[in-house]
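Asks: Need a 3D model of the sequence below.
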Amino acid sequence: ADTNTDITCSGGSAADYVFDTSSTATVTINKATLTVTPGNQTVTYGNAIDSSNYTIAGYQYSDDVNSLSSLPSCSTQAVHVADTNTDITCSGGSAADYVFDTSSTAKVTISRAITSVTLTKSLQTVTYAQNLVLTATMSEANATGTVTFEDDFGAISSCTDVALTNGVAICVLTNLSPGQYVFSASYSGDIDYPSAQANSTSVSSVKASQDAFELSTLNGSFGSSLSLSWTGGNSSNDAVVTVANGTGVCVLNDNSLSVTRAGTCIVTINQEGDDNWLTATAGVFTVTFAKTGQTNLVLTSLTGSYNSNITLTYTGGSGAGVISYVVVNGTASGCSISNGVLSSTSGGTCLVTITKATDDNYLSTSSTATVTFNTIAQSAMVIDSSTKVVTSSLTIVYRGGSGTGAISFSVTNGTATGCSITDGGVLT
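Replies: The predicted structure is shown next:
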């Protein structure tokens with residue numbers, strides 16, 4: 001700050017001289033150099049270095065750090081353990097009378113940080129076949145590497161070297177046989193964190209309830225068997241099926257169910273437990289066997305002659321149902337049935353419906369057929385009035401014939417000529 005201040009002179013003596021010191025000059029004062037030297041440092045991963053760890057040399061007179069306007073600062077690019085021996089460099093600093101030499105460097109050593117693993121569980125007591133979730137959580141979320149989960153027998157094969165994601169590793173276990181378990185986890189470590197062992201945690205596993213039974217088929221029909229199949233049940237023991245009569249009469253043979261009388265059957269399914277499963281809750285189901293249809297019922301007596309009765313016959317039908325008939329006139333008149341015998345008062349057709357009624361096992365069935373009464377030949381007709389005097393007409397007298405058919409006449413000449421006959425049977 002004193003640059004350009006005058007230089008003045010004074011004094012001097014001599015026997016023969018006097019001294020003129022009135023002349024002046026200007027002085028220029030250059031800034032002195034302060035040398036900044038950083039110190040070597042060792043820090044734990046995740047921590048910053050001490051930016052003020054340095055020495056300053058080169059103060060003049062009684063100057064010290066209080067003579068500085070601002071202090072220099074030191075830093076490093078090192079972040080990870082792998083960055084050990086990276087330079088620490090310094091910069092900055094200002095003062096009225098000094099410049100700063102920050103060319104000196106130092107080295108940083110980064111040591112592994114301490115980390116821990118916490119093991120948690122999704123359930124304290126788990127049933128067989130239920131998922132158990134073990135979660136290992138690092139105290140440092142940016143830790144990398146793997147976690148191996150362990151039980152009483154060592155590393156769990158399905159949960160070995162599980163990669164960390166955001167500092168968390170997960171192990172999912174299923175089908176833990178009933179018993180007591182102690183689980184732990186070990187962290188592999190990475191370049192910045194050392195290996196670590198998690199706390200242990202205990203879990204109980206108990207037998208599970210078996211899945212409920214569901215019978216796949218609940219309906220059948222008389223005359224056909226049902227092959228029973230079902231879902232549910234889990235143990236290693238075979239399911240046991242029993243059947244009891246409901247409204248039907250039921251027969252079970254190697255899980256094949258049938259009836260000798262249509263109706264309902266009560267089916268029960270049981271299954272014993274084993275090391276992992278409790279005894280199943282019995283499944284009780286009502287299976288219904290409906291009545292079945294009869295074979296085709298066919299009337300076989302389809303023709304006869306007028307004035308003769310027809311005894312009705314048939315084929316087909318099933319079971320013990322009663323046979324009944326209903327008849328209506330077709331082209332014949334007076335069609336009627338009595339005790340299975342069909343009659344009519346004229347030739348022609350009768351429409352007969354035959355029905356076999358339902359019974360314990362079969363539905364009713366019916367069919368309709370056309371039964372024909374064929375016409376029969378009349379008795380022979382004979383003309384009794386065969387001669388007459390030529391000058392008179394002759395009324396024809398006859399006998400024979402059957403039924404109510406109309407009489408008609410026709411004539412042709414024999415040895416006579418001009419033969420004719422009226423509709424009333426008068427011959428001339």
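
Asks: For the most centrally placed residue in the chain, list the residues it contacts.
Replies: By C-alpha atoms, centre = their mean, the chain has its centre lying nearest to Thr231, at 14.8 Å. Listed by C-beta atoms under 8 Å, 6 or more residues apart in numbering, the contact partners of Thr231 are 211, 213-214, 216. Bear in mind the C-beta positions are built from the backbone N, C-alpha and C, glycine included.

Asks: Just give the closest residue to Thr109, not the sequence neighbours.
Replies: Of all residues not flanking Thr109 in the chain, Thr42 sits nearest, at 4.3 Å (C-beta to C-beta, 6 or more residues apart in numbering).

Asks: Alpha carbons only: can I get the helix or strand where that neighbour lies in CSV?
Replies: Applying DSSP states H and E as the criterion places Thr42 in strand 41-44. The C-alpha coordinates for strand 41-44 follow below in CSV (Å, rounded to 0.1, in the frame of the first residue of the first chain):
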residue,chain,number,x,y,z
GLN,A,41,-4.8,-36.8,4.9
THR,A,42,-6.6,-40.1,5.6
VAL,A,43,-10.4,-40.0,5.6
THR,A,44,-13.2,-42.6,5.8
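
Asks: contact partners of it?
Replies: 49-50, 53, 88, 106, 108-114.

Asks: Check those residues and tell me the two furthest apart.
Replies: Farthest pair in the contacts of strand 41-44 (C-beta to C-beta) is Ala106 and Ile114. Separation: 25.0 Å.

Asks: Just want to know which of the two has more residues nearby.
Replies: Taking other C-beta atoms under 10 Å, Ala106 and Ile114 do not tie; Ala106 has more neighbours (18 against 13).

Asks: so how far is Thr42 from the more buried one?
Replies: From Ala106 across to Thr42, the span is 11 Å (C-beta to C-beta, to the nearest Å).

Asks: now Thr412: how far from Val326?
Replies: For Thr412 relative to Val326 (C-beta to C-beta), the value is 52 Å.

Asks: Ala163 too?
Replies: Taking C-beta to C-beta, one finds Ala163 at 86 Å from Val326.

Asks: for Thr349, same thing?
Replies: For Thr349, the distance to Val326 - C-beta to C-beta - is 15 Å.

Asks: which one of the two has more residues nearby?
Replies: More crowded of Thr349 and Val326, by other C-beta under 10 Å: Thr349, with 17 against 12.

Asks: Got the confidence number for Gly403?
Replies: On the pLDDT scale, Gly403 is placed at 70.

Asks: hang on, it in a strand?
Replies: No: under DSSP: H, G, I helix; E, B strand; the rest coil, Gly403 sits outside any strand and is assigned coil.
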